[in-house]
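[1] okay, here's the prediction I keep looking at, along with the sequence it came from:
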There are 4 protein chains.
Amino acid sequence: MSGSVYGTIFSITTWGESHGNGVGVVVDGCPAGLPLNEDIIQPYLNRRKPGQTKYSTPRKEEDKVNILSGVFEGKTTGTPISLVVFNENQKSGDYSKISTAYRPGHADYCFDQKYGFRDYRGGGRSSGRETIGRVAAGAIANAILNELGIKIQTYTKSIGPITINPDKTDFNLISKSPLYMPDLEASEKAEEYLLQQMQDHNSAGGIIECVVSGMPVGIGEPVFDKLDASLAKAVMSIGAVKGFEIGEGFKASTMTGAENNDPFTIDDKNAIRKTSNHAGGILGGMSDGSNILLRVAIKPTPSIFKTQQTVNETKEKVEIKIQGRHDPIIVPRAVVVVESMVAITLVDQLFMGMTSQLNRIKDFYKG
Amino acid sequence: MSGSVYGTIFSITTWGESHGNGVGVVVDGCPAGLPLNEDIIQPYLNRRKPGQTKYSTPRKEEDKVNILSGVFEGKTTGTPISLVVFNENQKSGDYSKISTAYRPGHADYCFDQKYGFRDYRGGGRSSGRETIGRVAAGAIANAILNELGIKIQTYTKSIGPITINPDKTDFNLISKSPLYMPDLEASEKAEEYLLQQMQDHNSAGGIIECVVSGMPVGIGEPVFDKLDASLAKAVMSIGAVKGFEIGEGFKASTMTGAENNDPFTIDDKNAIRKTSNHAGGILGGMSDGSNILLRVAIKPTPSIFKTQQTVNETKEKVEIKIQGRHDPIIVPRAVVVVESMVAITLVDQLFMGMTSQLNRIKDFYKG
Amino acid sequence: MSGSVYGTIFSITTWGESHGNGVGVVVDGCPAGLPLNEDIIQPYLNRRKPGQTKYSTPRKEEDKVNILSGVFEGKTTGTPISLVVFNENQKSGDYSKISTAYRPGHADYCFDQKYGFRDYRGGGRSSGRETIGRVAAGAIANAILNELGIKIQTYTKSIGPITINPDKTDFNLISKSPLYMPDLEASEKAEEYLLQQMQDHNSAGGIIECVVSGMPVGIGEPVFDKLDASLAKAVMSIGAVKGFEIGEGFKASTMTGAENNDPFTIDDKNAIRKTSNHAGGILGGMSDGSNILLRVAIKPTPSIFKTQQTVNETKEKVEIKIQGRHDPIIVPRAVVVVESMVAITLVDQLFMGMTSQLNRIKDFYKG
Amino acid sequence: MSGSVYGTIFSITTWGESHGNGVGVVVDGCPAGLPLNEDIIQPYLNRRKPGQTKYSTPRKEEDKVNILSGVFEGKTTGTPISLVVFNENQKSGDYSKISTAYRPGHADYCFDQKYGFRDYRGGGRSSGRETIGRVAAGAIANAILNELGIKIQTYTKSIGPITINPDKTDFNLISKSPLYMPDLEASEKAEEYLLQQMQDHNSAGGIIECVVSGMPVGIGEPVFDKLDASLAKAVMSIGAVKGFEIGEGFKASTMTGAENNDPFTIDDKNAIRKTSNHAGGILGGMSDGSNILLRVAIKPTPSIFKTQQTVNETKEKVEIKIQGRHDPIIVPRAVVVVESMVAITLVDQLFMGMTSQLNRIKDFYKG
């Protein structure tokens, strides 16, 4: 499919542009019987909503979700769930001036080459608003994971050069930081760094980390649909993501086998456990029972207020100065987007994982 | 599908275990008219063949490819191409001793949990031999790319702590280094480092880099099937890969927007070009006409000859000392595997990219 | 995916229940540059709209389509097109009485068994309203086909025992018949037959025929994705369809090879043509340049006003008498649904068909 | 994918031409723990093997299956199962004379148009030998179904104008008829009819019927992946199939609702049952607990020994007289092919059906 459908059994189809009528998603393959209403989904959308801190665009958008199908008497029915957020605050005037110039770091030029023309208002389909559908679907995936005892923690690990200190990290602090950092000291330093970038008409990037606990062992398909490979695609498909790591990630490339291997042991509940987790919870593409640990690199916002050199559609060199309302950093609002893509991927793989053993299929059907 | 099929239009299905009768691949969706025979494919397999240097397992395997279908009178017919390499050197005796113990860093435990039991000989489906099918298919994908003027260079960027020096890098040197490093000075230092690890009964990891030149602009689907996301999945699906970067990758997270944005300009052939390439050749998930630049982190070989702590299938703590013939480093042999997965992904996305504009479709069918 | 996504490159995702907020479709993979607005789509929806003749339910529904995304300045942009029809006339009171009884010929019992419970109002997802998304997407597919010079004629071939006479068939008459029969004499007889069924509190079925002209040769993939196999799935996925034929269909089973084979010849434009078309325009799963000819059997409407024997959720035998507003025949309103599924399938296969020859791909990319 | 991959969770990839090195299939998604060896698969291949009666081609081919992967110690491991039958009896000389002429009723012309050229020996990929991969995979699917208590009976219903008499039909007789007809009287008449066709250098078609018993209720996905739609595609993808019916099929189009609806009742084991089965075991695209009943129309063999009018590649009108060894009827050998495609489809849909209810998923993972 041409890129707007994701997933095999639990699949999502997103649609919508920043300055069209709305954005939305159809979730297919959600099992029947899951309690669901708008109040369960809205908090996830609120986490990515703009205008909540001075580090995000001052646009005010309510991003109110509507369930159009798939829920009856407060429960999912097993049929596709259509969710829509209508656009309200489409100040397209801001964009007219740059409509013919290709913004550096943006998809404008590629869109024109691929499709012959583009919806130049606010990035069109490449806008950050495209992620609303992902987050709404992610809320449903998270609700399913919760029913299975699986929990995802996602947070900002670093902003520019400022990184959280593992010794001062406390997941309970995440929501207390305007930047979703679980170390408030680092969070304050990061705020100072951001204010400096804003003053300089510049922008910043950062790293998001995600920890999944409670996964059953053996989820993920051993060759092309490895769990880590699927997670990599899921989060790399978010705009502005430039890198992905599982466990030690790039650091593993400098370690020795003796350092990087995680020994197995028997814990006091007589269960098999690893005594370390360099692998990040995945071996051979399958979950190994440890926490899944992944990291994502986010580039600095390409929309900056400095004057930039570029060209326009008629192949003239021009200078542009981007106007309008833009986030000086994408990271804090992207935290819930990463979490959503992880959740959607885990659900799909958990569903795929139900057919690996004949005896378990026989139990299911002949019970 | 359960993980052994990859690709949408140009798709590959791999099969085979390290100690079964053979390994192979079926390539579906290859266009008709491509010149093809075993001699075109074999050199790619030779690049991953063991026993060529002292840094790879001394197993001697010819890995001779056979074309079973899809080629007639020296050209592809458009029907599926079945390729097989029969296994020759299956010394399974080596593995019997460790068949009930879970090797640290390997998939043994996950396999048992997922499938109820496993083929314990040499890793079974999780063996490095699984990549033979990928490389054989990659040779075909590379042949298609060559016809379109697209070229892939892949090489070892670092081994353990030893990294190539950009100033001394020359792609012509790649094949002169037993480690596929394009900087022979770094290559020699890396050899010393590896010999030390071997003496210590230990192993090493490294980083592989890949540069694609000649890509048309606008390849990649803007949302979930972004070109970089698809490449990420492709290479993360190779065993032992722990991280993926495009362009500046994780470094981008510490840069500012002004530093990271690539300005556009008009070159002396009146074409639009970027004056830098921090993005790594992809914007908004689509190729931007610059070289595509990606990096892959490979963990150290988990099979080491030191004694390790682990548990067995009956939940006893045991010590194991892995015997047999194992690579002290996977990186050099993985170079062609990374290149293959990149090639396969590019072909599939190039094929997907033919339907983005109505006028071009009309030209194709009514032209 | 769990059944609400259809197509590989040109894909549609439908959603919605009869008594929810609305029904809709997301069309992904539509090329950029196709002129599109609501006025192009609405006439197709009007062809399936109820309340237009006495042979369809007297429910009045406007079925007004809204384009929510994917169109900019009157043309498709290449991004997903989200279409919605909001429900207006949801008189669910009618259904409460039968909510616990399983209606014969309906999916009620299967839904309960599959999902544990169901939205009992008007059939929920199994309602005929589910086809609105198909028809809206079909309008887009038809617009693409028209640009390529491909035309689909679809009509009622028979109703109950009344069949059109080939000698009196004139496609210009289709829209003059309230039953979409291209033979007005047969149409009148069929009306009489239907009135009789309505008087008897009974219902009727029929056969829909579809003729596609202008198809290029060689469309369809030779093994599992044969053009006829794909068309069979497409139209068999419409509720109430019980049979599918291509060309002579079941009659071919009684013919000899000499009778059924279509000889090839050279026509006066020096083109290769078949002198007959028993095959129905498809050989070996690929279009052969003749008209594609297919037929679809539609069962009689299961909702009849006679008293029927059945059981309820608590396993009691009960009698039910269906109330409300139901079509005595589905056929005339299903004509445009069949046409839509055919159109969607043809577009997807035409897009798949662009990569069969290396030389044509090289021409496309290297100009 | 381009047509040689079928299935979503339980998927098969077939390859091979009639006169290449062999034909085969890779089965992905087979659960671990299924007893499997060549002796379980071979009897299915023997049912389609040529040269067993005078009504099939006198070619002698052993069609000996080899398992190359996916089985360890007599059981499937959950990894892909690669099966191959090497070609032995490739008398390509027979075909050289007609290599440039397009055989009526065959895919030659379409192949040339689609791919630019073709493997003219024996039909290449469009040969009946392509079905060997389907049957080998079908044997595995059937083994899975047997473990779940599901049984498929497939047989010849009619040959040319000769149809079995329901009153004289006894499934135990199927293997006693050289034509796989469960009514020996009809079988003898059909033999006479076939001998007449052979004498006339002509050929015959027929109808195959298939009955599935033991299916759980609720299998099939309600919209595009309806069970009957999926079965239609599966069997229509077999070469020479021209029509598909479920339950009453085309006859339903002439029945009234009162006649065609199947009343529900409670049987003496307190289970819900239908008192008739006009629907053929599927309602709303889901299995309803009754036997699934489907029929398939097979055209007469297009390879006949009469002189035929056609054209050649250089657009000249020519006469051809097909030589070589051809079946005067395809039906008896196609019986096991239909059964195989049905079995593969049922397994895939049974696997998809495991995620329809949240509570059952919770039981599976937390149970």
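    In hand now; what should we look at? Numbers count the residues shown, from 1 in each chain, chains lettered A, B, ... in the order given.

[2] surely A:Ala136 and A:Leu83 touch.
    Yes - using CB atoms under 8 Å, A:Ala136 makes contact with A:Leu83 at a distance of 4.5 Å. All C-beta spots, glycine's among them, are computed from the backbone N, C-alpha and C.

[3] what sits in contact with each of the two?
    Overlap between the contact sets of A:Ala136 and A:Leu83, as judged by CB atoms under 8 Å, 6 or more residues apart in numbering or on different chains, is given by A:24-25, A:41, A:65.

[4] give the next helix or strand downstream of the helix or strand A:Val296 falls within.
    Taking DSSP states H and E as the definition, A:Val296 sits inside strand A:292-298. Sequence order places strand A:307-311 as the next helix or strand after strand A:292-298, per DSSP H and E.

[5] by contact count, what packs against that following strand?
    Using 3 or more CB pairs under 8 Å, 6 or more residues apart in numbering or on different chains; DSSP states H and E, the elements in contact with strand A:307-311 are strand A:317-321, strand B:264-266.

[6] can you tell me which of those strands is most buried?
    For those, ranked by mean neighbour count under the definition mean count of other CB atoms under 10 Å in any protein chain shown, the leader is strand B:264-266 at a mean of 17.

[7] skip the chain neighbours and tell me the closest residue to the closest residue to chain D within the stretch 201-350 of chain A.
    Among all residues of the stretch 201-350 of chain A, A:Pro216 sits closest to chain D, at 5.8 Å; criterion: CB to the nearest CB. Taking CB to CB, 6 or more residues apart in numbering or on different chains, and ignoring the residues beside it in sequence, A:Pro216 has D:Tyr365 as its nearest neighbour in space, at 5.8 Å.

[8] next: A:Pro43.
    Setting aside the residues directly before and after it, A:Pro43 is nearest to A:Ala139 in space (CB to CB, 6+ apart), at 7.7 Å.

[9] now A:Asn172
    The shortest distance from A:Asn172 to any residue that is not its chain neighbour, by CB to CB, 6+ apart, is 7.9 Å, and that residue is A:Pro182.

[10] hmm, the one you found is touching A:Thr169, no?
    Yes - applying CB under 8 Å, one finds A:Pro182 in contact with A:Thr169, separated by 4.7 Å.

[11] quick revisit: what count of nearby residues applies to the residue nearest to A:Pro43?
    For A:Ala139, the count of nearby residues is 25 (other CB atoms under 10 Å in any protein chain shown).

[12] flag the shaky bits of chain A, pLDDT-wise.
    Per-residue confidence of chain A (counting by pLDDT under 70) places the weak regions at A:1, A:58-59, A:89-98, A:367.

[13] looking at it, which helix is longest?
    The residue-count maximum for a helix in chain A (DSSP state H) belongs to helix A:331-352.

[14] quick one on the thing from earlier: make JSON lines from the helices and strands packed on strand A:307-311 and add distance to C:Pro161 to it.
    What follows is those, written out as JSON lines (distance: least, CB to CB, whole Å):
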{"stretch": "strand A:317-321", "distance to C:Pro161": "72"}
{"stretch": "strand B:264-266", "distance to C:Pro161": "70"}
